[in-house]
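1. Generate coordinates for the sequence data below:
(one chain, ligands or ions: 2)
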Amino acid sequence: MSPSATIPKVLTDEQVQFFHDNGYLLIENALDAETVAGLKERTKTLLEDFSLDGHPMTKFSTGVKGNKHVGDEYFLESGDKVRFFFEEDAFDSSGNLTRPKEKSINKIGHGLHTEDPAFRAMTLTPQNLSIALSLGFQDPRVLQSMVICKQPEIGGEVGPHQDSPFLFTSPPSAMGFWYALEDCTITNGCLGFIPASHKYSPITNRLVRINGGADGTGFEDIPETWPADVPAPHPTKEEREKLADEKKYELAEVKAGTLVLIHGSVLHKSERNRSLNSRWIYTFHMIEGEYEYDAKNWLQPSASGFSKLKDVV
Ligand SMILES: O=C(O)CCC(=O)C(=O)O
Ligand SMILES: [Fe+2]
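-> Residues are numbered from 1 along each chain as shown. Ligands and ions are numbered 1, 2, ... in the order given. Predicted coordinates for the structure are as follows:
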């Protein structure tokens, strides 16, 4: 049987067009209720079972807010491990947790797609491969994954950002698969997007290891870089500044089981969770395996971390 015979068609032509036009796409009921329940159960077990003994109590940061903890070894070496990062506001002024550890973790990452059987099984699937191929990938590789818990009351905001600076390839190719495990609403910190911003927002920096990681990580400015699926002519700086006035975030409230696809150049964010409900999601990112992913990138999983999605069929 040829591989194409085993790859289901998941996206309609209209959905593919919506993604190219807007830089994101919501797919309702991408996971059935049973799968969602299983992944939540697994997340609950991971949160209950991890030990605080010897944990460096590393707080969450993708570096979006320039967090000083971003350089922690615990973070840098998490690419092929299941590690636990705390909410910034889980601690009192003396550094003690103000709630149980299960309610204090912001995220678990970044190697769930290789290290955890339940998350591996729902990541490396013909469905996800089909979506990647429909959106133009030749050799999609999954290279990071995380559960983001966004805990009740303290779940931290994720400031406006693009994803490609965190998973830089030449040219940029990162794409996020973001699966809601719980309903995501305006009160618990759903995602927000600036539609079509991927078309006028070049990548201008990237998160790199400084001195190979010995001095942590930092953002390095790079010349304006456009992904291959946003072809020239690109808007000039002046044209982009005019568009700035029109930049409005559209909220993406979604039900549990919804898949949100996120272009690596689209501007997106999420607010603090001020509600009494958690907002659990599972997300992984893929890059184009045919493009260079160099040693400067903060994330350096072992070779097995670059999961070749085509191997699933
Ligand atoms: O889940 C969130 O609040 C933000 C996640 C995000 O920015 C991403 O998955 O790229
Ligand atoms: Fe993001």
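2. Near P8, how many other residues are there?
-> Neighbourhood size, P8 [other Cβ atoms under 10 Å]: 10. Every residue, glycine included, has its C-beta placed from N, CA and C.
3. Contact partners for the closest residue to G213 other than its chain neighbours?
-> Leaving aside its chain neighbours, G213 sits nearest to L76 (5.2 Å; criterion: Cβ to Cβ, 6 or more residues apart in numbering). Residues near L76 by Cβ atoms under 8 Å, 6 or more residues apart in numbering: 209, 213, 216-217, 298, 300.
4. Narrow those to just the buried residues.
-> Neighbour-count burial (16 or more other Cβ atoms under 10 Å) applied to the contacts of L76 gives 209, 213, 216-217, 298, 300.
5. Over to the residue in the chain positioned nearest to ligand 1: give its phi and psi.
-> Going by Cβ to the nearest ligand atom, ligand 1 is nearest to S270 of the chain, at 3.2 Å. Main-chain dihedrals, S270, degrees, to the nearest 10: phi -150, psi 150.
6. That one and K150 touch, don't they?
-> Yes. Applying Cβ atoms under 8 Å as the test, S270 and K150 come out as touching, 7.4 Å apart.
7. Comparing those two, which shows the higher neighbour count?
-> Taking neighbours as other Cβ under 10 Å, S270 and K150 compare with K150 leading, 28 against 24.
8. Quick one: name the residues of the chain near ligand 1.
-> Residues of the chain lying close to ligand 1 (Cβ under 6 Å from any ligand atom) are 148, 158, 163, 176, 178, 191, 262, 268, 270, 281, 283.
9. Would you point out the most distant pair within those residues?
-> Between any two of these, the greatest separation by Cβ to Cβ is 14.3 Å, found for D163 and I281.
10. These two: which is more packed in?
-> Neighbour totals were compared for D163 and I281, and I281 leads with 25 against 21 (other Cβ under 10 Å).
11. quick one on the thing from earlier: among the buried ones among the contacts of L76, which are located in strands?
-> 209, 217 (DSSP state E).
12. Could you save the buried ones among the contacts of L76 as TSV and add columns showing pLDDT?
-> Listed next are those as TSV, based on pLDDT from 0 to 100:
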residue	pLDDT
R209	92
G213	85
G216	85
T217	88
W298	93
Q300	91
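13. Taking the buried ones among the contacts of L76, tell me the two that lie furthest apart.
-> G216 and Q300 (13.8 Å).
14. Quickly list what's touching both of these two.
-> Common neighbours of G216 and Q300 (criterion: Cβ under 8 Å, 6+ apart): 76, 209.
15. Tell me the bridge partners for G192.
-> L251, K269 (DSSP bridges).
16. repeat for K107
-> Those that pair with K107 in a beta bridge, by DSSP bridges, are F85, I148.
17. residues contacting it?
-> Contact partners of K107, counting by Cβ under 8 Å, 6+ apart, are 60, 84-85, 146-149.
18. Assumed T43 was part of a strand.
-> No. Looking at T43 with DSSP: H, G, I helix; E, B strand; the rest coil, it is helix, so not inside a strand.
19. Return the per-residue confidence for it.
-> At T43, the pLDDT value in this model is 98.
20. now it: how far from E182?
-> 10 Å (Cβ to Cβ, to the nearest Å).
21. Common neighbours of the two, please.
-> Common contacts of T43 and E182 (Cβ under 8 Å, 6+ apart): W280.
22. okay, those two: which has more neighbours?
-> Neighbour count, other Cβ under 10 Å: between T43 and E182, T43 has more, with 23 against 19.
23. Which residues are in contact with the more buried one?
-> Going by Cβ under 8 Å, 6+ apart, T43 touches 108, 147, 149, 181, 280, 282.
24. and which of these is nearest V230?
-> Nearest to V230 among the contacts of T43: Y282, at 27.2 Å, using Cβ to Cβ.
25. Tell me where the model's unsure across the stretch 201-313 of the chain.
-> The stretch 201-313 of the chain contains residues with pLDDT under 70 at 244-246.
26. how about the helices of it, start to end?
-> Under the criterion DSSP state H, counting those that start in this stretch, the stretch 201-313 of the chain contains helices at 237-244.
27. Quick one: the strands in the stretch 51-200 of the chain, in order.
-> Ranges of strands within the stretch 51-200 of the chain are 82-86, 105-110, 140-148, 158-161, 175-180, 191-193, based on DSSP state E, counting those that start in this stretch.
28. Same list (these) but as TSV, adding distance to N96.
-> Formatted as TSV, the strands of the stretch 51-200 of the chain follow (distance: least, Cβ to Cβ, whole Å):
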stretch	distance to N96
strand 82-86	12
strand 105-110	16
strand 140-148	24
strand 158-161	25
strand 175-180	32
strand 191-193	32
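29. quick one on the thing from earlier: got the confidence number for the residue nearest to G213?
-> 90.
30. Could you do the one 5 residues further on as well?
-> Among the per-residue scores, K81 holds a pLDDT of 94.
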